[in-house]
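Chemist: all I have is the shape, not the residue letters:
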């Protein structure tokens, strides 16, 4: 149950952050905003690391495969695409499309067992659920 609430908080924070970043972009620029977002994230992470963890950065060199270290670079593009989608579609429509995209890609990663994730079987009810979500976006878009 804790995982559910953490996911709910994550979704809420992502929506609020997207709106904030879009508003900052209107007054500065998309790459300036992205740099500021990533820099402030770094500072918060460093402060929390200093206060709690203190594990060695050298452990990162042991990560295999090395492409798994691209999460931060991907994060920069996530910030960019969230800002642009919210700017062009509005927060609600953009968030719906983002969530459905996350769900579809996450399910494909599970079904094909990509990136070291345990392979899961393809289930019709899950595909139906995604179809219903996509239909919900279509209904929301035209109402």
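Modeler: Alright, I've got the coordinates. Please read these numbers as outputs of a predicted model, since none were measured by experiment.
Chemist: C-alpha only now, for contacts and for neighbours.
Modeler: Fine.
Chemist: where do the helices sit along this structure?
Modeler: For the chain, helices defined by DSSP state H occupy the ranges 2-27, 30-48, 71-89, 91-112, 124-141.
Chemist: so who does the residue nearest the centre of the chain touch?
Modeler: Centroid check for the chain by Cα atoms, centre = their mean gives residue 78 as the closest residue, at 6.4 Å. Contact partners of residue 78, counting by Cα atoms under 8 Å, 6 or more residues apart in numbering, are absent.
Chemist: before we move on, the earlier item: in JSON lines: the helices of the chain, plus distance to residue 56 and mean pLDDT.
Modeler: Output for those, formatted as JSON lines (distance: least, Cα to Cα, whole Å; pLDDT from 0 to 100):
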{"stretch": "helix 2-27", "distance to residue 56": "26", "mean pLDDT": "94"}
{"stretch": "helix 30-48", "distance to residue 56": "12", "mean pLDDT": "96"}
{"stretch": "helix 71-89", "distance to residue 56": "18", "mean pLDDT": "95"}
{"stretch": "helix 91-112", "distance to residue 56": "30", "mean pLDDT": "94"}
{"stretch": "helix 124-141", "distance to residue 56": "40", "mean pLDDT": "92"}
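Chemist: can you put the ones you listed in CSV and add distance to residue 58?
Modeler: Output for the helices of the chain, formatted as CSV (distance: least, Cα to Cα, whole Å):
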stretch, distance to residue 58
helix 2-27, 29
helix 30-48, 15
helix 71-89, 17
helix 91-112, 29
helix 124-141, 40
